[in-house]
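In: Next comes the sequence, and after it the predicted model I'd like to discuss.
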Amino acid sequence: MSEKYMDDIYKFFGISPEVVKAGEEVLDGLKERFERIDKNAEYCQLKVLRAFQKNNVNESCLMGTTGYGYNDIGRETLEKVYADYFNTEDALVRPQITCGTHALALALMSNLRPGDELLSAVGRPYDTLEEVIGIRPSKGSLAEYGITYAQADLDENGEPDLDAIRNSVTDATRLVTIQRSKGYQTRPTLSVEKIAQIIDTAKSVRKNIICLVDNCYGEFVEEREPSDVGADMVVGSLIKNPGGGLAQVGGYIAGTKECIENASYRLTAPGLGREVGPSLEALPRMYQGFFMGPTVTASAVKSAVFAASLFERYGFDAYPSGSEERHDIIQAISFHKPEGLIAFCEGIQSAAPVDSSFMPEPWDMPGYDSKVIMAAGAFVSGSSIELSADGPLRDPYTAYFQGGLTWPHGKFGIMKAFQTLVDKGLVIC
Ligand SMILES: *Cc1c(COP(=O)(O)O)cnc(C)c1O
């Protein structure tokens, strides 16, 4: 293709030749990296296809039900597809599970009873779970139901502390929760290998401890999922990786027969369980989204690696660093001042296919304890498998960047964000 076409369109978007050059230089060093990401996506794609074919997904599965949703063959088959992919006995995948926090709350509340203790194996959990657990007092929290909480803190390198985990397990410990992704922290995201060690450690104290993995943002990033290495439940959101950018709502829990059964009675009502729950018109997007998930996730991983490599080169701190292996799609970049975080988010917003003329502003988001700025111009509201960035307005002013339904769009968004910092004099290029 003629260079001129690219030059013209970059000019239209206000990307300077210097920023284009900086981007291309960074990309030259990422070829081998990207090949490995594509190879992993190919493997995960075939695993998804195998799950579709084994369960004989056919056209009638795409038809939805209404009302009670009895005998919803499409819903039941999709749950079998998820269970197969995650290598679990069973799964719940529903539009009635409204988001990741809801899916996690459901998994916890249905499998814990008064007097039980919940142990977080990797320090403080994701912000919204603090209210679910009752670390921050909240109506309806686990604490209100007499479920206690303990946490094994990370070691000084931000890695799981296996001794601390072993020592934190008491007779009351019923469930160990393990958050795979860093969330709004700068600790390393856990590899599936590391998760296996945590599970083995907890189960070596008592075999029947339930191990739950908050799998948000981790699906399809590695060849294996945490449920391949002994997790009793993996939990996530369909407006992240496994919805492939197409699912408009939903969450999943994949796990053992017993854990899923408990969750199903909590989701609807005792006696009803999984038999009710209309899929309405959600199924085609849930199926197709899961099918697209591996390549969409690969686009997001490439975007993350590119962002880390580019911003690091200009002196910003990136977690993980551009050269590190990936275990989720989140890229944290610390700006150490609010202007940097805000400029980055403005750039991402202005690169969006929807709402590109809007300006993101810090606001008090429910469930979070400091102001948060969010850039998202998404087809699905709040979807963070689509190109998006957000971050709490607190030191070190870190932007959590994620998504990119396509690699060209992810690449462009990062260049636009970088350009915005250049234009505001926050970086010299
Ligand atoms: C996104 C996320 C959640 C919560 O999901 P929501 O859909 O935003 O409610 C929980 N844990 C982690 C690690 C997440 O990334």
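Out: Great, that's in hand.
In: hey, let's count contacts and neighbours off CA atoms from now on
Out: Will do.
In: What pairs with the longest strand anywhere in the chain, parallel or antiparallel?
Out: Scanning the chain for the strand with the most residues, using DSSP state E, yields strand 173-179. Here strand 173-179 is paired, per DSSP bridges, with strand 117-120 (parallel), strand 210-214 (parallel).
In: Now do the last one, average pLDDT.
Out: Taken as a whole, strand 210-214 has an average pLDDT of 98.
In: average pLDDT across the longest strand of the chain?
Out: pLDDT averaged over strand 173-179 gives 98.
In: which residues are in contact with that strand?
Out: The contact list for strand 173-179 (C-alpha atoms under 8 Å, 6 or more residues apart in numbering) reads 112, 116-122, 125-126, 190, 195, 202, 209-215.
In: Return the most buried member of the strands paired with strand 173-179.
Out: strand 210-214 (a mean of 25; mean count of other C-alpha atoms under 10 Å).
In: from the middle of its chain, how far away would that one be?
Out: Averaged C-alpha coordinates place strand 210-214 at 15 Å from its chain's average position (C-alpha atoms, centre = their mean, to the nearest Å).
In: residues in contact with it?
Out: Residues contacting strand 210-214 (C-alpha under 8 Å, 6+ apart): 104, 174-181, 199, 226, 230-236.
In: now do 6 Å
Out: Residues outside strand 210-214 that contact it (C-alpha atoms under 6 Å, 6 or more residues apart in numbering) are L175, V176, T177, I178, Q179, R180, A231, D232, M233, V234, V235.
In: Can you report how many residues neighbour the fifth one?
Out: I take that to be Q179. By other C-alpha atoms under 10 Å, 24 other residues sit near Q179.
In: which residues are there in the stretch 101-250 of the chain that come within reach of the ligand?
Out: T101, Y126, Q179, S181, G183, D214, C216, Y217, S237 (C-alpha under 6 Å from any ligand atom).
In: Which single one of those is nearest to L62?
Out: Distance to L62 across those (C-alpha to C-alpha) is lowest for S237, with 20.3 Å.
In: Surely that closest one touches V249?
Out: No. Counting by C-alpha atoms under 6 Å, S237 does not reach V249; the two are 8.2 Å apart.
In: okay, these two: which has more neighbours?
Out: S237 (30 against 24).
In: who's the more buried one bridged to?
Out: Here S237, judged by DSSP bridges, has bridge partners G251.
In: Now do the contacts for it.
Out: C99, G100, G251.
In: quick one, helices of the stretch 251-400 of the chain?
Out: 257-267, 283-313, 338-350 (DSSP state H, counting those that start in this stretch).
In: among those, which is nearest the ligand?
Out: helix 283-313 (14.1 Å; C-alpha to the nearest ligand atom).
In: could you dump the helices of the stretch 251-400 of the chain to TSV with distance to the ligand and mean neighbour count?
Out: Output for the helices of the stretch 251-400 of the chain, formatted as TSV (distance: least, C-alpha to the nearest ligand atom, whole Å; neighbours: other C-alpha atoms under 10 Å):
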stretch	distance to the ligand	mean neighbour count
helix 257-267	16	20
helix 283-313	14	25
helix 338-350	18	24
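In: in the stretch 1-150 of the chain, which spans are helices?
Out: Using DSSP H, counting those that start in this stretch, helices in the stretch 1-150 of the chain cover 3-12, 17-28, 31-54, 73-86, 100-111, 127-133.
In: For L426, find the nearest of those.
Out: helix 17-28 (13.7 Å).
In: so the closest one versus helix 283-313, what angle?
Out: Interaxial angle, helix 17-28 versus helix 283-313 (axes from the mean of the first three to the mean of the last three C-alpha atoms, to 10 degrees): 100 degrees.
In: And helix 17-28, what's buried?
Out: Buried residues in helix 17-28, counting neighbours by 16 or more other C-alpha atoms under 10 Å, are found at V19, V20, A22, G23, V26, L27.
In: residue contacts, the first one?
Out: Meaning V19. V19 neighbours (C-alpha under 6 Å, 6+ apart): none.
In: Tell me the spacing between it and F335.
Out: V19 is 19 Å from F335, where distance means C-alpha to C-alpha, to the nearest Å.
In: just the second one next, same as before
Out: When distance is defined by C-alpha to C-alpha, V20 is 22 Å away from F335.
In: Can you give me the distance of G271 to S264?
Out: 10 Å.
In: Name the residues contacting each of those two.
Out: What both G271 and S264 touch, as defined by C-alpha under 6 Å, 6+ apart, is an empty set.
In: could the helices of the stretch 1-150 of the chain go into CSV alongside distance to T295 and mean pLDDT?
Out: Listed next are the helices of the stretch 1-150 of the chain as CSV, based on distance: least, C-alpha to C-alpha, whole Å; pLDDT from 0 to 100:
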stretch, distance to T295, mean pLDDT
helix 3-12, 24, 94
helix 17-28, 19, 98
helix 31-54, 6, 98
helix 73-86, 15, 98
helix 100-111, 21, 98
helix 127-133, 28, 94
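In: Quick one, which of the ones you listed gets closest to A399.
Out: Using C-alpha to C-alpha, the nearest of the helices of the stretch 1-150 of the chain to A399 is helix 127-133, at 15.5 Å.
In: Need the contact partners of the closest one.
Out: By C-alpha under 6 Å, 6+ apart, helix 127-133 touches R136, S138, S141, L142, G367, Y368.
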